[in-house]
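Q: Let me see the structure of the following:
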Amino acid sequence: MAQGASRGEGTRRWQERGLAVLMRFVACPIDRAATFNVRKDPRAVQEVLSSAQARFVLVHSKRVLGSWHGGRAGLSWWTRQEVLGLAPRAEEEPIYLGPLRNASGALAGCQAFAVDVGALLSEADALAAGPGAEAGPLRWCSGRDLMISDASDDDVAIAGMALAMTGWHVTAKFDGRTGQPTVPVEGGAKRQVQGGSGKLYPRTDPVAIGLIMSADGRRILLGRGHKHPVGMYTCIAGFVDQCESVEEALRREALEEAGVRLGHVELMNSQPWPIGRAGSCELMLGCRAVALDEDIKVNPTELLHARWFTKAEVRKMLVGQHPHGFAVPPPFAIAHHLIRDWAHPPSAWRGIGTPAVACLVGLAVGVLLGRLRSRL
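A: Okay, the predicted model is just below:
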């Protein structure tokens, strides 16, 4: 995959390959629960760091080092000795991600770390000193590059975590209240004011994103933003304000962007998004909502266009067959799943269900159990 590919080009490649319909960055294979006690003990962190199982993901200028083995994209994993040989100071601020679950082969029992080498060497130096030709050609990749590549979901999720954590550390070197310098603690899970007790925690920005349905449920409202590819329509979305619920945020965003008032809002699913435009890690909170009115008044500073789409139109958009070339986001984004699950409700039975389906299943099981008990 060429470096610097646009989002539109990546989307087309994804559709042409017919890849799976799973969201990216979810189900990270890092066992986060297993890291809690280790991080609390500096000696335990050092033991893991010095162990033969330690493996490192390298980050430079908001890009992660990837390898192309057999033509397929993936992460480039480095041993401690390889990292120290490349940049002796790289061990000063490693970020402990945690053990990999269900890893096999060379990564079995691996303890994953992320290290930002941006201030220690050039990108070219790292490429020239790679772990070996058997790992495949090395390339620096943005999170978006990997997301739209054929890399495994595990590699994409780990890369997202590494980029989110290293990116936060770069922006949190000083305490925003006192101006004092901070240092990483607990394996990089937090930062602490140097010589003090105040702590800083990694930043996650919540975003409400919603599938907005007409009152009769037959149409949905989609909008096209200023930075979207030509013909791309997606769900209304926006950041959640302080002391604001997800439901309130979506109602506000729909009114601000499209002039549409919302009634009932229901939280459906979520997706971490470490490639947000603001440079921080976002948490996409997917909702379904019902509109109280259908008159659209587009705010030109927020959207280029917005309109109501029928189910027949959306189904054509999902497969790239809309007569006007309209499309929806690819499967790696939560918006695709919100839209697809409305257009094709049976998909709920394949594990991407709604609370309503879960409720119906629960009722059916309850009825069956009741009948069985009555016969005993």
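Q: What ranges in the stretch 151-300 of the chain fall below the confidence cut-off?
A: 278 (pLDDT under 70).
Q: That one: strands as residue ranges?
A: Ranges of strands in the stretch 151-300 of the chain, per DSSP state E, counting those that start in this stretch, are 182-185, 190-193, 199-200, 204-213, 219-224, 236-239, 262-273, 281-291.
Q: ok, and what's touching the shortest one?
A: Spelled out, it's strand 199-200. 172, 175, 182, 185, 190-193 (CB atoms under 8 Å, 6 or more residues apart in numbering). Quick note: C-beta positions are derived from backbone N, CA and C, even for glycine.
Q: any chance of those in a markdown table, with neighbour count too?
A: Converted to a markdown table, these look like this (neighbours: other CB atoms under 10 Å):
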| residue | neighbour count |
| --- | --- |
| 172 | 17 |
| 175 | 18 |
| 182 | 21 |
| 185 | 16 |
| 190 | 16 |
| 191 | 24 |
| 192 | 16 |
| 193 | 18 |
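Q: Adding distance to residue 225, write the residues you listed out as TSV.
A: Output for the contacts of strand 199-200, formatted as TSV (distance: CB to CB, whole Å):
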residue	distance to residue 225
172	29
175	35
182	35
185	39
190	35
191	34
192	39
193	39
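Q: what's the farthest-apart pair in those residues?
A: Farthest-apart pair in these is 175 and 185; separation 13.2 Å (CB to CB).
Q: if I look at residue 88, how far off is residue 336?
A: From residue 88 over to residue 336 the distance is 45 Å, taken as CB to CB, to the nearest Å.
Q: The two: which is more packed in?
A: residue 336 (18 against 10; other CB atoms under 10 Å).
Q: and the more buried one, how far is that from residue 311?
A: Note on residue 336: its distance to residue 311, by CB to CB, is 16 Å.
Q: so who does residue 89 touch?
A: residue 120.
Q: same deal with the one 5 residues further on?
A: By CB under 8 Å, 6+ apart, residue 94 lies in contact with 49, 56, 113-115, 187-188.
Q: farthest-separated two in those?
A: The most widely separated members of the contacts of residue 94 are 56 and 187, with 13.3 Å between them, by CB to CB.
Q: neighbour-wise, which of these two wins?
A: Shown here are residue 56 and residue 187; by other CB under 10 Å, residue 56 has more neighbours (28 against 23).
Q: need the contact list for the spatially closest residue to residue 75 that is not a sequence neighbour.
A: Of all residues not flanking residue 75 in the chain, residue 155 sits nearest, at 4.7 Å (CB to CB, 6 or more residues apart in numbering). The contact partners of residue 155, by CB under 8 Å, 6+ apart, come to 73-75, 146.
Q: Which member of those residues is positioned nearest residue 240?
A: Comparing the contacts of residue 155 against residue 240 with CB to CB places residue 146 closest, at 26.8 Å.
Q: So which residues of the chain form helices?
A: 7-17, 36-40, 42-50, 80-86, 123-128, 143-147, 153-171, 246-258, 311-318, 334-343, 355-375 (DSSP state H).
Q: got those as TSV, with distance to residue 303 columns?
A: Converted to TSV, the helices of the chain look like this (distance: least, CB to CB, whole Å):
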stretch	distance to residue 303
helix 7-17	17
helix 36-40	43
helix 42-50	47
helix 80-86	46
helix 123-128	37
helix 143-147	22
helix 153-171	27
helix 246-258	5
helix 311-318	17
helix 334-343	14
helix 355-375	29
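Q: of those, which approaches residue 97 most closely?
A: Closest of the helices of the chain to residue 97 is helix 153-171, at 6.0 Å (criterion: CB to CB).
Q: mind saving the C-alpha coords of that closest one as PDB?
A: C-alpha atoms of helix 153-171 as PDB (Å, rounded to 0.1, in the frame of the first residue of the first chain):
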ATOM      1  CA  ASP A 153      -7.700  -6.700  13.400                       C
ATOM      2  CA  ASP A 154      -5.300  -7.500  16.300                       C
ATOM      3  CA  ASP A 155      -2.400  -5.500  14.700                       C
ATOM      4  CA  VAL A 156      -4.600  -2.600  13.900                       C
ATOM      5  CA  ALA A 157      -6.000  -2.500  17.500                       C
ATOM      6  CA  ILE A 158      -2.500  -2.700  19.000                       C
ATOM      7  CA  ALA A 159      -1.300   0.000  16.700                       C
ATOM      8  CA  GLY A 160      -4.200   2.200  17.700                       C
ATOM      9  CA  MET A 161      -3.400   1.700  21.400                       C
ATOM     10  CA  ALA A 162       0.300   2.500  20.800                       C
ATOM     11  CA  LEU A 163      -0.400   5.600  18.800                       C
ATOM     12  CA  ALA A 164      -3.000   6.900  21.300                       C
ATOM     13  CA  MET A 165      -0.700   6.400  24.300                       C
ATOM     14  CA  THR A 166       2.500   7.800  22.700                       C
ATOM     15  CA  GLY A 167       0.500  10.700  21.300                       C
ATOM     16  CA  TRP A 168      -0.900  11.600  24.800                       C
ATOM     17  CA  HIS A 169       2.600  11.400  26.400                       C
ATOM     18  CA  VAL A 170       3.900  14.000  23.900                       C
ATOM     19  CA  THR A 171       1.200  16.500  24.800                       C
END
